[in-house]
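> have a look at this fold, sequence not included:
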């Protein structure tokens, strides 16, 4: 809950670009570190939008953050699986991914090298596989995983609807999904009686 903090399992923040998604990740890490002084963070970085100064501005101890650069979805899946295998229940570890929305699949990368313009149909399957693998481990080991994702607007139905990117695999595996939007505050009107 917004008041109760993170629970074990998967939490997603999904939004268009420049909507403070990485900022929400930082708030989650900071709150987890404040609650558990022995906690560490495994920070999977696919977009490199969070330099060290960003962590420091949120007063996050970077000595407790394992920064792991990721270049493709399969690399993320293999590394997080290996890390989860080595974590014991009772250890305080928060796993963060910034972001699954922007990471390419290995096929997409090799297709680009080969100048193959065929559409990559493997990415949604790899993303679904990632979340199928991590979900039971997160629950059994009482670990939170916080992920940034992108959204797109679906034109089905009567009005455009925000849909979490990457297929239904990440959406269905999530315990909480926050679709972040922006809204201008209208100036408050004050009426005074004469």
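Structure received. Owing to the predicted nature of the structure, the values given are computational and were not obtained by experimental measurement.

> if you rank every helix and strand of the chain by mean pLDDT, what lands last?
Every helix and strand in the chain was compared by mean pLDDT, DSSP states H and E; the lowest is strand 161-164, with a mean of 58.

> which strands or helices does the lengthiest helix in the chain pack on?
In the chain, taking DSSP state H as the definition, the longest helix is helix 123-140. Using 3 or more Cβ pairs under 8 Å, 6 or more residues apart in numbering; DSSP states H and E as the contact definition, the elements that helix 123-140 packs against are strand 9-14, helix 73-86, strand 144-149, helix 168-173. Yep, even glycine has a C-beta here, placed from its N, CA and C like the rest.

> so which bits of it are buried?
Using 16 or more other Cβ atoms under 10 Å as the test for burial, helix 123-140 gives 123-124, 126-131, 134-135, 137-138.

> pick the one among the residues you listed closest to residue 21.
Closest approach between these and residue 21, by Cβ to Cβ: residue 127, at 17.0 Å.

> the closest one and residue 59, how far apart?
32 Å (Cβ to Cβ, to the nearest Å).

> cool, residue 140 as well?
Residue 140 is 31 Å from residue 59, by Cβ to Cβ.

> check residue 72 too.
To residue 59, residue 72 is 32 Å away according to Cβ to Cβ.

> more neighbours, the two?
Using other Cβ atoms under 10 Å, the more surrounded residue of residue 72 and residue 59 is residue 72, with 19 against 10.

> isn't that one right up against residue 105?
Yes: counting by Cβ atoms under 8 Å, residue 105 is a contact partner of residue 72 at 6.1 Å.

> nearest spatial neighbour of the residue nearest the centre of the chain, chain-adjacent residues omitted?
For the chain, the residue nearest the mean C-alpha position is residue 147 (1.3 Å; Cα atoms, centre = their mean). Leaving aside its chain neighbours, residue 147 sits nearest to residue 97 (4.5 Å; criterion: Cβ to Cβ, 6 or more residues apart in numbering).

> give me the neighbour count for the one you found.
The burial count for residue 97: 27, using other Cβ under 10 Å.

> who's in contact with it?
Residues near residue 97 by Cβ atoms under 8 Å, 6 or more residues apart in numbering: 44, 46, 76, 80, 145-148.

> cool, residue 48 as well?
residue 69.

> relative to residue 67, how far out is it?
10 Å.

> go on, residue 83?
Counting by Cβ to Cβ - residue 83 and residue 67 are separated by 13 Å.

> more neighbours: the two, which one.
residue 83 (18 against 14).

> my read: that one touches residue 40, true?
No: Residue 83 is beyond contact range of residue 40, at 10.7 Å (criterion: Cβ under 8 Å).

> tell me the confidence at residue 16?
Per-residue pLDDT puts residue 16 at 66.

> so, low pLDDT: which residues of the protein?
1-5, 16, 150-155, 157, 159-175, 177-180, 182-194 (pLDDT under 70).
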